[in-house]
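S.K.: whatever this is, show me its structure:
(2 chains)
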Amino acid sequence: MNSIIIGQYIPGSGFFYRLDPRTKIITILFLMIAVFMLETILQLAIAIGIAVVLLLAGRISLLKVLRGLKPIFILLVFTFVFQIALNTEGVVLSTATMHFNLTSVIFALLIFVLWRFLLRFNRFKILLFVLFVLGLYFNFRYATLHTDFYSFQLTIYEKGVEMSVFVVLRLLIIITLTTVLTLTTKPTDLTQGLESLMHPLKKLGFHSEDFALIISISLRYIPTIFDEAQKIMSAQASRGADFTEGKLKDKLKQIISLLVPMFIIAFMRSEELADAMESRNFVPGEQRTRINILRFTIVDIYTGLFTALCFAGAIYVKVML
Amino acid sequence: MSIIDVEQISFAYSEEKRTLNQVSFTIEKGEWIAILGHNGSGKSTLAKTLVGLLEPQSGEIRIDSIKLSEETAFDLRKKVGIVFQNPDNQFVGVTVRDDIAFGMENLCIPRDEMLKRIEFYAQKVGMEQYLDKQPSNLSGGQKQRVAIAGILAMRSDILIFDEATSMLDPYTRNDLIRYIQSLNQEGFTIIMITHDVNEAILADKIMIMKQGEIAAFDNTHTILEKKELFDENHLELPVALEIASLIEDIKLKEILWEFVSTM
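M.R.: Take a look at the predicted model:
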């Protein structure tokens, strides 16, 4: 399988790629702490501005970073909705009765169907989702043709809107930071950086080398095992198994018939791999030299200075304002 | 002087049956030995005991006159390298370069030296253009070549191939065998475990194993003359010999014999 990409790494140039993974990990850690020290929307907006400038300077496409947000999109929506619905501080912005009656429920269903239908054609799925939510809101607010069988008061407070925007922006920055890390760092470099950073833990009995080796071997075997899964699936499909259709119960059965051979093969593999490693004189926990080494360059120094500046700025804002 | 000395070793995975039973033999430096046998004849177990992956319950193995034990295993494994059957299950590194380096890293060889050796041995096995490739982009034969480079880089001079060609397609298999042949001519001692008779007849000597014991161990030519050995051990005859045994014509038989022995 050549097509699977492990992690989100996309090859490229630009200064993010030239950074030592250790610098990236530490920088991102400090920047995250800095972001958590910011307290107003304006401060966050400035932080986002700086981030966007940096991304552009590092020739990283904003679109790819935004794609990294996809998995947490639902989380963002939930935070937003809960903040708006549950926060009761500040001035009342609007208050409205939500009507649940025959027309509003039917229209809600129609809006839902329309949304699912449009999803097939449109690329702006997030925008569509926002329109869908707004559509539902206005539908339930203004549909008063029939008598309600249920209704409630939805009151939106100033603080609720402010907090929801704030929390979503903060999450956005943090996810962007980690996305940049995974986008520009090979998984192997990442593990090596972590290994190097965790090296001092050896005194506490934690062997970071072994940990890094475990991670890098797992990464190395993901495509192999994936390949195997496909082979087994084809073999079983050729004997009538169907992984795509059928009831949930049937699907579960099919998955078990896939998992059992895969586990057995994985165990056999690990045994053979252990033999191969031992025959090449691998002794766990022993001293080894390394073929891949990490080196700090001038770019790392600049990045360090920049991070210190951002961090100091955040502390200043927290203490002084 | 013999480079491998095996004296009366026995090994059993379980109490009922011995996988290796009182096996003794010696191998000279620079020889090419083929170990033939059916599944379960103990040939792979024998290979694992030779590199110290399994410890025989009795008897002893001497490599370069040093007794193989838990204390000496680390040093002796530098001399004996093994290539296993499944190309995927012995590829430790994320890239070809990392994989060739793996054994050297374990030997604590300085990085500069490693880089030099990687370059040299990658060239030697013809993989110098693939150093940054990942295993999923390599063919089975290429992966086996990387495995060989990794062992050579550790400066092993005894190479064991445990059915290393059995998962390759016929073309790459021949290619790899040619390569093993050239290594032997350079002076490497080769032990090749196989159940393919046509592969085995390329060796200097053939050892036939049966139920954990050595059924025969002799020069290839001598073994090939004893047709009954193949029948007794349920092994196929080499193609040429098979044909020869079907032919009554003495003259043609001699020509074929000539052919077999020069193969």
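S.K.: mean confidence for the longest helix along chain A?
M.R.: If you go by DSSP state H, chain A has its longest helix at helix A:248-279. Helix A:248-279 shows a mean pLDDT of 88 in the predicted model.
S.K.: quick check: buried residues in it?
M.R.: For helix A:248-279, burial by neighbour count (16 or more other C-beta atoms under 10 Å in any protein chain shown) applies to A:254, A:258, A:269, A:272-273, A:275-279. C-beta coordinates here come from the backbone N, C-alpha and C atoms, glycine included.
S.K.: can you name every helix or strand that the worst-scoring helix or strand of chain A on mean pLDDT contacts?
M.R.: For chain A, the helix or strand with the lowest mean confidence is helix A:62-67, at a mean of 79 (criterion: mean pLDDT, DSSP states H and E). Where contact means 3 or more C-beta pairs under 8 Å, 6 or more residues apart in numbering or on different chains; DSSP states H and E, helix A:62-67 is packed against helix A:41-57, helix A:158-184.
S.K.: go through the next helix or strand after that helix and flag the buried ones.
M.R.: Next helix or strand after helix A:62-67 toward the C-terminus (DSSP states H and E): helix A:73-86. Residues of helix A:73-86 classed as buried: A:76, A:79-80, A:83-84 (neighbour count, 16+ other C-beta under 10 Å).
S.K.: contacts only, for A:Gly313.
M.R.: A:Ala34 (C-beta atoms under 8 Å, 6 or more residues apart in numbering or on different chains).
S.K.: element containing it, please.
M.R.: Per DSSP H and E: helix A:298-320 holds A:Gly313.
S.K.: and that helix, what's buried?
M.R.: Those would be A:300, A:303, A:307, A:310-311, A:313-314, A:317, for helix A:298-320 by 16+ other C-beta under 10 Å.
S.K.: what does stretch B:38-47 give?
M.R.: Buried, per 16+ other C-beta under 10 Å, within stretch B:38-47: B:41-47.
S.K.: narrow the residues you listed to those in helices?
M.R.: Counting by DSSP H, the buried residues of stretch B:38-47 place B:43-47 in helices.
S.K.: want to try TSV for these, with pLDDT and distance to chain A as columns?
M.R.: Listed next are these as TSV, based on pLDDT from 0 to 100; distance: C-beta to the nearest C-beta, whole Å:
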residue	pLDDT	distance to chain A
B:Lys43	90	15
B:Ser44	90	10
B:Thr45	92	12
B:Leu46	93	14
B:Ala47	93	10
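S.K.: let me know the secondary structure of the closest residue to B:Ile9 other than its chain neighbours.
M.R.: With C-beta to C-beta, 6 or more residues apart in numbering or on different chains as the criterion, B:Ile9 has its nearest non-adjacent residue at 3.5 Å, and that residue is B:Gly59. Here B:Gly59 is recorded as strand under DSSP: H, G, I helix; E, B strand; the rest coil.
S.K.: run a quick neighbour tally on B:Gly59.
M.R.: 16 (other C-beta atoms under 10 Å in any protein chain shown).
S.K.: give the contact list for it.
M.R.: B:6-10, B:22-24.
S.K.: beta partners of the nearest residue to A:Thr88 once chain neighbours are set aside?
M.R.: Counting by C-beta to C-beta, 6+ apart, A:Thr88 lies nearest to A:Tyr157, which is 5.6 Å off, once chain neighbours are set aside. Beta-bridge partners of A:Tyr157, counted by DSSP bridges, are A:Val92.
S.K.: show me the contacts for A:Tyr157.
M.R.: A:87-93.
S.K.: circling back: and which of the buried residues of helix A:73-86 is nearest chain B?
M.R.: A:Leu76 (34.1 Å; C-beta to the nearest C-beta).
S.K.: quick one: the strands in chain B?
M.R.: B:2-11, B:20-28, B:32-37, B:58-63, B:66-67, B:80-83, B:158-162, B:189-194, B:205-210, B:213-219 (DSSP state E).
S.K.: other SSEs contacting the first one?
M.R.: Using 3+ C-beta pairs under 8 Å, 6+ apart as the contact criterion, the secondary-structure elements in contact with strand B:2-11 are strand B:20-28, helix B:43-50, strand B:58-63, strand B:189-194.
S.K.: for it, the distance to its chain's centre please.
M.R.: Distance of strand B:2-11 from its chain centroid, counting by C-alpha atoms, centre = their mean, to the nearest Å, is 16 Å.
S.K.: give the pairing partners of that strand; include direction for each.
M.R.: strand B:20-28 (antiparallel), strand B:58-63 (antiparallel).
S.K.: and the angle for that strand with strand B:189-194?
M.R.: 40 degrees (axes from the mean of the first three to the mean of the last three C-alpha atoms, to 10 degrees).
S.K.: what's the angle between strand B:2-11 and helix B:43-50?
M.R.: Going by the same axes, to 10 degrees, strand B:2-11 makes 120 degrees with helix B:43-50.
S.K.: show me what counts as buried in strand B:2-11.
M.R.: B:3-7, B:9-11.
S.K.: check the fourth one too.
M.R.: Within strand B:58-63, the residues that qualify as buried by neighbour count (16+ other C-beta under 10 Å) are B:59, B:61-63.
S.K.: tell me the one of those residues nearest chain A?
M.R.: Looking across these and measuring by C-beta to the nearest C-beta, the closest to chain A is B:Ile63, at 13.5 Å.
S.K.: need the pLDDT of that closest one.
M.R.: pLDDT at B:Ile63 comes out at 93.
S.K.: ok, it to B:Ile180 distance?
M.R.: B:Ile63 sits 20 Å away from B:Ile180, going by C-beta to C-beta, to the nearest Å.
S.K.: check B:Ser10 too.
M.R.: 30 Å.
S.K.: nearest residue to B:Ile61 other than its sequence neighbours?
M.R.: Going by C-beta to C-beta, 6+ apart, B:Ile61 has B:Leu68 as its nearest residue, at 4.3 Å.
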